[in-house]
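K.L.:
Have a look; sequence and predicted model below, questions after that.
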Amino acid sequence: MKRRNKIKILVIHGPNLNLLGKREPHIYGVATLSNINTALKKLAEKEKIYLKIIQSNYEGKIIEAIHNAAKDKFHGIIINPAAYTHTSIAIRDALSSVNLPTIEVHLSNIYCREEFRRYSLISAVAIGQICGFGPNSYLLGLKAILDLLRKNKE
C-alpha cells in the first residue's frame, strides 16, 4: 500500500481516567494512563502513524477535540468516553457529525457491571466497541481502526 500521508488517529480518554492505577484497581487494573499512552505510542511508531492523545474530565473539551479532529483531517478516533458513555448525547452527536470512523473502548466489560453502565449512547455511532481487555482494549482498538483504514485505502 502506498502512503503519501501518515494516518492520523485521535485517542480520547474521558473523565477520571487520569486516576487509573489508583482508582478501583480491582475493576480498572493497576496500569496508569501514562502506561497506556506509552503502549499506544510504541504501537503507533511501529505502524508509522501519527497519534494525538488527550484526556479530559470536561465534556465540552472532548466535544471540541472531536470537532477539531475533522477540521485537522484526522482519519479516525479511538475514544473511551468513560462515564460519558452512558450520559452524553452531546459527545454522541459530535462523533456523528464529524463522520470519522470511531472505535469505542473500555477497560472493563461494561456489560458485566452495574445495570446503568450496560447501555452506551456512543456505540450507535461507532464502527465497533472493544471492552473488557484492560489496557489491551486500546491496543486492539488501534489495530482495528488501522486495519479498517488501510483496507479502505487499497
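P.N.:
All right, it came through fine.
K.L.:
Find the residue at the geometric middle of this protein.
P.N.:
Centroid check for the chain by CA atoms, centre = their mean gives residue 79 as the closest residue, at 2.1 Å.
K.L.:
Report the contact partners of that residue.
P.N.:
By CB atoms under 8 Å, 6 or more residues apart in numbering, the contact set of residue 79 is 11, 12, 14, 62, 91, 95, 102, 103, 104, 105, 122, 126. In this view, the C-beta of every residue, glycine as well, is placed from N, C-alpha and C.
K.L.:
now for the worst-scoring helix or strand of the chain on mean pLDDT, which elements pack on it?
P.N.:
In the chain, no helix or strand scores lower on mean pLDDT, DSSP states H and E than helix 25-28, which sits at a mean of 80. For helix 25-28, there is no helix or strand it packs on, judged by 3 or more CB pairs under 8 Å, 6 or more residues apart in numbering; DSSP states H and E.
K.L.:
So for the following helix or strand past it, mean pLDDT?
P.N.:
Sequence order places helix 33-47 as the next helix or strand after helix 25-28, per DSSP states H and E. The average pLDDT within helix 33-47 is 98.
K.L.:
who touches the following helix or strand past helix 33-47?
P.N.:
Scanning forward in sequence from helix 33-47 by DSSP H and E, the next helix or strand is strand 50-55. The set of residues external to strand 50-55 that reach it, using CB under 8 Å, 6+ apart, is 6-14, 17-18, 33, 37, 40-41, 44, 61-62, 65, 74, 142.
K.L.:
So what touches the longest helix anywhere in the chain?
P.N.:
When the chain is parsed with DSSP state H, its longest helix is helix 136-153. With CB under 8 Å, 6+ apart as the test, helix 136-153 has contacts from 1, 3, 7, 9, 11, 36, 39-40, 43-44, 47, 49, 51, 75-76, 78, 80, 101, 103-107, 127-128, 130-131, 133.
K.L.:
Just the CA coordinates for stretch 53-65, please, in CSV.
P.N.:
Extracted in CSV, the C-alpha atoms of stretch 53-65 (Å, rounded to 0.1, in the frame of the first residue of the first chain):
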residue,chain,number,x,y,z
ILE,A,53,-3.7,11.6,22.7
ILE,A,54,-5.8,13.7,25.0
GLN,A,55,-7.6,13.2,28.4
SER,A,56,-10.3,15.4,29.8
ASN,A,57,-12.7,15.4,32.6
TYR,A,58,-14.8,18.0,30.8
GLU,A,59,-17.4,17.1,28.2
GLY,A,60,-17.0,20.4,26.3
LYS,A,61,-13.3,19.8,25.8
ILE,A,62,-13.9,16.3,24.5
ILE,A,63,-16.5,17.7,22.0
GLU,A,64,-14.1,20.4,20.8
ALA,A,65,-11.4,17.7,20.3
